[in-house]
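Colleague: Here is my input; please provide its structure:
(6 chains)
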4 protein chains.
Amino acid sequence: MAAAKAAPHRTSIGARRNPQTEAAVLQAARNLLIEKGYAGFSIDEVARRAGAGKPTIYRWWPTKADLFIAVYTADKDAAFVVPDTGNLRRDLVAYTSALWSFWRNSPSGRAFRALIAEAQGSEAALAALKEKFLATRLAPLRRLFEQAAARGDIPAAGIAARLALYVGFNWYRLLTGELDEDAGLIAAVAAVIGTDKG
Amino acid sequence: MAAAKAAPHRTSIGARRNPQTEAAVLQAARNLLIEKGYAGFSIDEVARRAGAGKPTIYRWWPTKADLFIAVYTADKDAAFVVPDTGNLRRDLVAYTSALWSFWRNSPSGRAFRALIAEAQGSEAALAALKEKFLATRLAPLRRLFEQAAARGDIPAAGIAARLALYVGFNWYRLLTGELDEDAGLIAAVAAVIGTDKG
Amino acid sequence: MAAAKAAPHRTSIGARRNPQTEAAVLQAARNLLIEKGYAGFSIDEVARRAGAGKPTIYRWWPTKADLFIAVYTADKDAAFVVPDTGNLRRDLVAYTSALWSFWRNSPSGRAFRALIAEAQGSEAALAALKEKFLATRLAPLRRLFEQAAARGDIPAAGIAARLALYVGFNWYRLLTGELDEDAGLIAAVAAVIGTDKG
Amino acid sequence: MAAAKAAPHRTSIGARRNPQTEAAVLQAARNLLIEKGYAGFSIDEVARRAGAGKPTIYRWWPTKADLFIAVYTADKDAAFVVPDTGNLRRDLVAYTSALWSFWRNSPSGRAFRALIAEAQGSEAALAALKEKFLATRLAPLRRLFEQAAARGDIPAAGIAARLALYVGFNWYRLLTGELDEDAGLIAAVAAVIGTDKG
DNA sequence: ACATAACCGAGACGGTACGTCCGGTCTTGAA
DNA sequence: TTCAAGACCGGACGTACCGTCTCGGTTATGT
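Modeller: From the prediction side, this is the model:
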């Protein structure tokens, strides 16, 4: 079940991209990431499992980073809603909990770890991470802080700092493999960055 | 200049570790990290530059993570003092600035990025990161927050959260290659986690 | 002159064997065998000289024995004719002389010594020696004795013994590095096994 | 039983050769040869099994060839008597049978194969084979032929040829791993070289 | 109807790195 | 002076993966 075992004799459908191939590659990448993690991930193995040629993969995903982003994004729930109840602390607690659960229970956590790792060795991967990933995925989160500032819950001048702190916190836990529920810590973090007292 | 070009015919000094070899290996690893970064780092190349045998390297640093930690730690300034002036906000600003400068201007920034990347693919590397590195290097920082709590500047219940937020923030900036001075951001961050919110 | 110095940027010609690469590898192996002999022979060095990747070599010649056989066989003169003048003694003298000269003056002598040496340490190499080499190369020689038996020059019951004696004699001289012309010895040997005693 | 497991703390007995060490090394070499054969034979492993230092081994047996010769010679039965009943054919049959059995059932067969293989890659080993081994061990065999010639059974001019043929025959069977009893072949060989009819 | 162009799986190519093993040399410290 | 021990450099081992290239075939599109 885990290994893709794609249709063995899928062929070209003419002078345009083959969606079956794309799906098979992403599925293979996802499974490989789950089974072997970043260190055991190779384009060769993805091609083998997907029954695809390596040039086909390189044509559509020139770097591993692109592939990791595609795996992350392909996940339906990846676009789960950032809550907005009018209470920043409560929203942050809910969002953190949902995010960690998503990272734990889907290939996306693995994919994101791999993406960050890849970005440490390649300028192109770092650029992809920042431009193709962070630029879009951080937007809803930023909006959350902006709306809280608009309500006067936090100072406008502290939006960037709070965003960076919050994002960094989640990365830190992800990269150290500590994504287990920790209600106390999550609540405390939300309290620190979700409330204006200064 | 960059490549070590070690003495070509350094020989054994008997049945015990040779400090000259150790120094040559660390120097080579450091330079390689500076020149090529994580992706271009290989034990083969370190051995070539250090004029050392690969088995010698594997004998003393069984994983790349061990080597990265050694490079980070070998830096004299790696143990720079965490300031303690009795004012947490001011201390955090000073420490952040010093840390980023250290990461920018020594091989340690590269080494740490490499260490974190390596930890994403190998359980052993992750364990090394947490046990051989974080366990000791986070202690002074934790003490800083504990003393602030002792003074009543921050609540005791918020120490762990503030530590995680602050460490995560620094990681986030390091891993995204954004370590340029940004006095405004640093001050804002220090304001958020360096002040009592109740 | 000796080292092949192959075209440095020979590339793939698609999903099939590249004859230029094959030629470069065989040439490099041949030269290396001439220069360094069996002890100094390594796949690494062959790859370096041929400008080929090691996997390419292992793909087509999985063991050193295969490579040695290929070098031996590649020699045009390796298929030199076994004389058949109707006189076994005379034929043996001529053949022995030609064989020794061939072994002395081409890389094949070295290749054969290496092949035999390799077969002493590896079952696979021994099998290759017997099945891929002796099985075919001994056939003309066996025919020579059979025809002599058909003529009544030697007893039919002595064919196998004479063949083993003669082959062993040549091996013995090759393996001890004594292939210089020795007309007296060669004639005496031909007299012993080329004449009917029964 | 097979692995030597030498006394763990045998130490120097002063400024002279230690016979216990010599015995342990030879025993280890013998067992290693039996278990792994020529390809798996290494000085490192012999030192480990014998509980000896590598320099100690290199001091007394500078090349592997020396060690192989020592293993061969250490065998009590290595000096088994060449029969001399006054009938060359009968003597050759008896001797061949005894020799093959000795090669099959003692480490000496392995040691000799290893010695010949080693001699194909090293001039020193080839010299050792010829001067330290063949020179002495072929003497009784040569005497056998000489006495037959003295009796008039074979011509004096054919001694060298018959010796080379017979030795080569035995080598050939040893090196191709075909030492099983083959009474018919042995008898036929003895008939060819043990009788004068020319 | 047919040529063209882009895509497809396949897999060989030159390279490089992996982690391990061995070869032969050297030094130590004890006897 | 010898011994066990073991570190040293160098380099080969056989395998995996990288990213590129060529093949031979398929199919949609534009003429």
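Colleague: CA atoms for contacts and neighbours, from now on please.
Modeller: OK.
Colleague: pLDDT below threshold where in chain A?
Modeller: Low-confidence regions of chain A, defined by pLDDT under 70, span residues A:1-9, A:13-16, A:77-79, A:196-198.
Colleague: Up against chain C, what does chain A have?
Modeller: For chain A, there are no residues in contact with chain C under the definition CA under 8 Å from any CA of the partner chain.
Colleague: Name the residue of chain A that lies nearest to chain C.
Modeller: In chain A, no residue comes nearer to chain C than A:Gly53, which is 11.5 Å away by CA to the nearest CA.
Colleague: how much space between that residue and C:Arg17?
Modeller: A:Gly53 sits 18 Å away from C:Arg17, going by CA to CA, to the nearest Å.
Colleague: One more: A:Ala156?
Modeller: 66 Å.
Colleague: Domain-wise, how is chain A divided?
Modeller: A:19-60, A:76-194 (automatic domain parsing).
Colleague: do the shortest one and DNA strand E meet?
Modeller: Right, domain A:19-60. Yes. Using CA under 7 Å from any atom of the strand, domain A:19-60 comes into contact with DNA strand E via A:Thr21, A:Glu22, A:Arg48, A:Gly51, A:Ala52, A:Gly53, A:Lys54, A:Pro55, A:Thr56, A:Arg59.
Colleague: Buried members of those residues into ChimeraX, please.
Modeller: Here the buried members of the residues of domain A:19-60 next to DNA strand E are turned into a ChimeraX selection, burial being counted by 16 or more other CA atoms under 10 Å in any protein chain shown:
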select /A:21,22,48,51,52,56
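Colleague: which of the residues of domain A:19-60 next to DNA strand E lies closest to B:Ala135?
Modeller: When these are compared for distance to B:Ala135, the smallest value, 41.0 Å, is given by A:Arg48; criterion: CA to CA.
Colleague: how about A:Glu181, secondary structure?
Modeller: Using DSSP: H, G, I helix; E, B strand; the rest coil as the criterion, the local structure at A:Glu181 reads coil.
Colleague: Which residue, other than its chain neighbours, is closest to it?
Modeller: Across the structure, with CA to CA, 6 or more residues apart in numbering or on different chains as the measure, the residue nearest A:Glu181 apart from its sequence neighbours is A:Ser97 (7.2 Å).
Colleague: Please identify the helix or strand for that neighbour.
Modeller: With elements taken from DSSP states H and E, the one containing A:Ser97 is helix A:88-105.
Colleague: Packing partners of that helix?
Modeller: Packed against helix A:88-105, as judged by 3 or more CA pairs under 8 Å, 6 or more residues apart in numbering or on different chains; DSSP states H and E, are the following elements: helix A:107-119, helix A:139-151, helix A:183-194.
Colleague: Try it again at 6 Å.
Modeller: Contact here means 3 or more CA pairs under 6 Å, 6 or more residues apart in numbering or on different chains; DSSP states H and E; on that basis helix A:88-105 packs against helix A:183-194.
Colleague: quick one, what contacts A:Arg90?
Modeller: When the contact criterion is CA atoms under 6 Å, 6 or more residues apart in numbering or on different chains, A:Arg90 has no partners at all.
Colleague: so how far is A:Ala52 from the residue nearest to A:Ser12 when sequence neighbours are not counted?
Modeller: Beyond its immediate neighbours in the sequence, the residue positioned closest to A:Ser12 (CA to CA, 6+ apart) is A:Asn18, lying 7.0 Å away. In this structure, A:Asn18 and A:Ala52 are 11 Å apart, going by CA to CA.
Colleague: Repeat that for A:Val167.
Modeller: With distances taken as CA to CA, A:Val167 is found 36 Å from A:Ala52.
Colleague: Any idea how many residues pack against the closest residue to the residue of chain A closest to chain C other than its chain neighbours?
Modeller: Counting by CA to CA, 6+ apart, the nearest residue to A:Gly53 once its immediate chain neighbours are dropped is A:Ala47, at 5.8 Å. Taking other CA atoms under 10 Å in any protein chain shown as the criterion, the count of residues near A:Ala47 is 19.
Colleague: and stretch A:44-52, how far out from the chain's middle?
Modeller: Taking the mean of its C-alpha atoms, stretch A:44-52 sits 23 Å from the chain's own mean (CA atoms, centre = their mean, to the nearest Å).
Colleague: What of stretch A:135-151?
Modeller: In terms of CA atoms, centre = their mean, the centre of stretch A:135-151 is set 18 Å apart from its chain centre.
Colleague: got it, and stretch A:164-183?
Modeller: Taking mean C-alpha positions (CA atoms, centre = their mean), stretch A:164-183 and its chain are 13 Å apart.
Colleague: Now do the buried residues in it.
Modeller: Within stretch A:164-183, the residues that count as buried by 16+ other CA under 10 Å are A:164-177, A:179.
Colleague: And the furthest pair within these?
Modeller: Maximum distance among these (CA to CA): 19.8 Å, for A:Ala164 and A:Gly177.
Colleague: ok, back up a step: of the buried residues of stretch A:164-183, list those near chain D.
Modeller: When the buried residues of stretch A:164-183 are filtered against chain D using CA under 6 Å from any CA of the partner chain, no residues are retained.
Colleague: Could you tell me which of those are located in strands?
Modeller: For the buried residues of stretch A:164-183, not one is inside strands, with DSSP state E as the criterion.
Colleague: Report the buried residues of the helix holding A:Ser97.
Modeller: Judged by neighbour count (16+ other CA under 10 Å), helix A:88-105 contains these buried residues: A:88-97, A:99-100, A:102-104.
Colleague: Now do A:Pro19 against A:Ala65, distance only.
Modeller: The value you get for A:Pro19 to A:Ala65, if CA to CA is used, is 20 Å.
Colleague: meant to ask about A:Glu22, not that
Modeller: Summarising the geometry, the distance separating A:Glu22 from A:Ala65, computed by CA to CA, is 16 Å.
Colleague: go on, A:Tyr58?
Modeller: Summarising the geometry, the distance separating A:Tyr58 from A:Ala65, computed by CA to CA, is 12 Å.
Colleague: same question, A:Thr176
Modeller: Distance check for A:Thr176 against A:Ala65: by CA to CA, it reads 20 Å.
Colleague: What of A:Asn170?
Modeller: Here the distance between A:Asn170 and A:Ala65 works out to 20 Å (CA to CA).
Colleague: what comes up buried for stretch A:57-77?
Modeller: Across stretch A:57-77, burial judged by 16+ other CA under 10 Å covers A:57, A:63-74.
Colleague: touching chain B at all, it?
Modeller: No. In this structure, stretch A:57-77 remains apart from chain B according to CA under 6 Å from any CA; the gap is never smaller than 12.7 Å.
Colleague: Can that stretch be said to contact DNA strand F?
Modeller: Yes. Part of stretch A:57-77 sits close enough to DNA strand F to count as contact by CA under 7 Å from any atom of the strand, namely A:Tyr58, A:Thr63, A:Lys64.
Colleague: likewise stretch A:111-127?
Modeller: No. Taking CA under 7 Å from any atom of the strand as the criterion, stretch A:111-127 and DNA strand F are apart, separated by no less than 9.4 Å.
Colleague: what about whichever residue of chain A sits closest to chain D, which SS state?
Modeller: Proximity of chain A to chain D (CA to the nearest CA) peaks at A:Gly40, 31.3 Å away. Put simply, A:Gly40 is coil when judged by three-state DSSP.
Colleague: What separation do you get for it and B:Ala24?
Modeller: Taking CA to CA as the criterion, A:Gly40 is separated from B:Ala24 by 31 Å.
Colleague: Those two: which is more packed in?
Modeller: More crowded of A:Gly40 and B:Ala24, by other CA under 10 Å: B:Ala24, with 21 against 13.
Colleague: The helix or strand harbouring the more buried one to helix B:107-119, inter-axis angle?
Modeller: Counting by DSSP H and E, the element that carries B:Ala24 is helix B:19-36. Using axes from the mean of the first three to the mean of the last three CA atoms, to 10 degrees, the interaxial angle of helix B:19-36 with respect to helix B:107-119 works out to 80 degrees.
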